[in-house]
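Student: need the 3D shape of this:
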Amino acid sequence: MKTAPLLALSALLALSGCGASDDACFPTTIFDDSSAGPPAFRVDAPASLQVSALQTLSCSGKTDSQVPDSVTAEVFDPDNQLVPSEVELAVNGMSAVVRFTPKTTGRHHVLVAFAPVGSVQQLGVYVARTWSGSNTATTLPLPRCTQLDRTTRGTWLCDGVAVHADGRTQRLGTSTLAPDVAVAGNVVWVVGSEGRVRRFEDTGGTELELTGSLLLSTSAPVTTIQSRLATQNELWVLDSQRLHRFVFTEAGVLAAAGATTWISGTETPFGTDNTLGLLVRVSSERVLVVKMTPLADSQACSFQLESDGAFAATGEPCLPLRGTPVGYEDGVVWMRAGAPFQAGGQTLQRWAVSDGTLMEQGSLVLDSRVEGVVTALRAGFLVPDVRLGFLPTSFSVLPVVSASQGPLGLEILPGTASLASELRTVSPRFYWEGDNRVSGASTVVYERPAG
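Tutor: All right, here's what the predicted structure looks like:
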């Protein structure tokens, strides 16, 4: 049942009001702590929540402050199951304290009703579990990485620089600009601004071994890269105009298999880096291009591999997706509907490939006081994280898929809790944070659990 909080609210509303008078009354809460952000707690730990009760009531032109003398409360978990709780009114009647011990992660719904006067308060409370990844961090001697990954053999890739186990670094590009890098197992694909695609392999030696190099055609160059997908023998690149496919043949030759124009000219940029589109793999021969429309919603359009080796639009209607893309993984896209600090807040949705299309497999309601989920997406796979509040005790959380594939759970990120969003990044494999100092800068990386 998904209606329990609504039914409870209907019952509780009968307990509040202006008494027996027929005059019109307009209650307004005097104290509001919304600037602190939403309440956030840890799973399996006792939670205590203070809720304001005192109101100013304007009835027939007269203004009075009224204080209740009793209170009731109910707490619902993300699956709308009632959570055992206790509530007591403060001595002065100006507030109540709700106590409960959450057993699941995610957004909980709290209803508090004061009587015979007062108000019915309802609010979201966020519960997170501890970090499930490695608590031992790896520190790379490089400014905060925009692109970061690691080969199966353990070589780190940070903005076009390979960092080997012994600390030696190897630059993979020939330009002063950082190349675009994608990792698949022990294979490293590099697309440089000088117009060349390279394929390296981590063989366990002192350096990554160059196994292929291709000078791009001037008739179909790679422009600003929006997204990329890699396997050991194929690289798909979505730039600002075309969908490219590069292959490493059985003969050991790196070749361009084709480039297809995907953009229509009506796309709306999204993200902090003005991304135009994202690639979501459906199969080894089919891919979706996720893009925003001028109507502030998105769509996923299908492309199929043809006999000539290039992708072509299937002609099927594009799948509508509500909201703005804020993250993506292999076979997954994260969407955000709504806006922060407005009525209704935001809703975070995770869409995953199933039976050849995208299906919603989890959602999280973010109340209006939660900061906006806005991300930079052109660097590669990214999972959106959420900062709960603005106080020193606030922390950042990662949405995680629950076993029921319904409401999303939450997990506390490691590292520096107060770090600005632009200095931290979560991918399907890692969480990293760092700084951009001129000298002595570093990137600190925590590994996420496999799967």
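
Student: what separates stretch 41-50 from the chain centre, distance-wise?
Tutor: Stretch 41-50 sits 24 Å away from the centroid of its parent chain (CA atoms, centre = their mean, to the nearest Å).

Student: can you give me the mean pLDDT across that stretch?
Tutor: Mean pLDDT, computed over stretch 41-50, is 94.

Student: give me the below-cutoff pLDDT ranges for this protein.
Tutor: 1-37, 54-65, 340-343, 368, 389-393, 404-405, 451 (pLDDT under 70).

Student: make it 50
Tutor: 1-3, 6-35 (pLDDT under 50).

Student: just give me the neighbour total for residue 359.
Tutor: Using other CB atoms under 10 Å, residue 359 is surrounded by 12 other residues. From N, CA and C alone the C-beta is placed, and that goes for glycine too.

Student: would you say it is within a strand?
Tutor: Yes. Residue 359: assigned to a strand according to DSSP: H, G, I helix; E, B strand; the rest coil.

Student: for it, give the beta-bridge partners.
Tutor: residue 352 (DSSP bridges).

Student: quick one, what contacts it?
Tutor: If you count contacts by CB atoms under 8 Å, 6 or more residues apart in numbering, residue 359 has them with 351-353.

Student: likewise residue 337?
Tutor: Neighbours of residue 337 in contact, by CB under 8 Å, 6+ apart: 322-324, 346-347, 349.

Student: quick one, phi/psi of the nearest residue to residue 248 once chain neighbours are set aside?
Tutor: Nearest in space to residue 248, with sequence neighbours left out and distances taken as CB to CB, 6 or more residues apart in numbering, is residue 233 at 4.6 Å. Phi and psi for residue 233, reported as degrees, to the nearest 10, are phi -120, psi 0.

Student: so what's residue 233 up against?
Tutor: 187, 247-248 are the contacts of residue 233 under CB under 8 Å, 6+ apart.

Student: closest one to residue 111 out of the residues you listed, please.
Tutor: residue 187 (53.9 Å; CB to CB).

Student: ok, and the closest non-adjacent residue to the closest one?
Tutor: Residue 187 sits nearest to residue 232 (CB to CB, 6+ apart), 4.5 Å away.

Student: residues near the one you found, how many?
Tutor: If we define neighbours as other CB under 10 Å, then residue 232 has 13 of them.

Student: what of the one 3 residues further on?
Tutor: Residue neighbour count, defined by other CB under 10 Å, stands at 25 for residue 235.

Student: for the one 3 residues further on, same thing?
Tutor: Other residues within reach of residue 238, judged by other CB under 10 Å, total 28.

Student: ok but it is inside a helix, no?
Tutor: No. Applying three-state DSSP, one finds residue 238 to be strand, outside a helix.

Student: was I right to think it contacts residue 222?
Tutor: No. Between residue 238 and residue 222 no contact is recorded; they are 9.8 Å apart, counting by CB atoms under 8 Å.

Student: which residues do those two both contact?
Tutor: Joint contacts of residue 238 and residue 222 (CB under 8 Å, 6+ apart) are residue 244.

Student: ok, and the most crowded of the contacts of residue 359?
Tutor: residue 351 (26 neighbours).

Student: so who does that residue touch?
Tutor: By CB under 8 Å, 6+ apart, the contact set of residue 351 is 321, 332-335, 358-361.

Student: a markdown table for those residues, including distance to residue 81?
Tutor: Compiled in a markdown table, the contacts of residue 351 are given as follows (distance: CB to CB, whole Å):
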| residue | distance to residue 81 |
| --- | --- |
| 321 | 30 |
| 332 | 27 |
| 333 | 29 |
| 334 | 26 |
| 335 | 26 |
| 358 | 29 |
| 359 | 24 |
| 360 | 21 |
| 361 | 20 |
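
Student: re earlier: ok, the residue nearest to residue 248 to residue 207 distance?
Tutor: Between residue 233 and residue 207 the distance is 21 Å, computed by CB to CB, to the nearest Å.

Student: grab the most central residue of this structure for me.
Tutor: Per CA atoms, centre = their mean, the C-alpha nearest to the average position across the chain is that of residue 384, at 1.6 Å.

Student: surely it touches residue 346?
Tutor: No. Under the criterion of CB under 8 Å, residue 384 is not in contact with residue 346, lying 10.4 Å apart.

Student: now do the shared contacts for those two.
Tutor: 336, 373.

Student: and this structure, what are its domains?
Tutor: With automatic domain parsing as the criterion, the domains of the chain are listed as 4-128, 130-144+385-451.

Student: can you lay out the ones you listed as a markdown table showing mean neighbour count and distance to residue 262?
Tutor: Shown next, in a markdown table, are the domains of the chain (neighbours: other CB atoms under 10 Å; distance: least, CB to CB, whole Å):
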| stretch | mean neighbour count | distance to residue 262 |
| --- | --- | --- |
| domain 4-128 | 17 | 36 |
| domain 130-144+385-451 | 17 | 24 |
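
Student: distance to residue 161 added to these, as JSON lines?
Tutor: Compiled in JSON lines, the domains of the chain are given as follows (distance: least, CB to CB, whole Å):
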{"stretch": "domain 4-128", "distance to residue 161": "34"}
{"stretch": "domain 130-144+385-451", "distance to residue 161": "6"}
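
Student: for residue 70, state which of the contacts of residue 359 is nearest.
Tutor: Relative to residue 70, and with distances defined as CB to CB, the nearest of the contacts of residue 359 is residue 351, at 45.4 Å.

Student: please name the nearest non-neighbouring residue to that closest one.
Tutor: residue 358 (4.3 Å).

Student: tally of neighbours for the nearest residue to residue 196 once chain neighbours are set aside?
Tutor: Nearest residue to residue 196, sequence neighbours excluded (CB to CB, 6+ apart): residue 215, at 5.4 Å. Neighbours of residue 215 under the rule other CB under 10 Å: 10.
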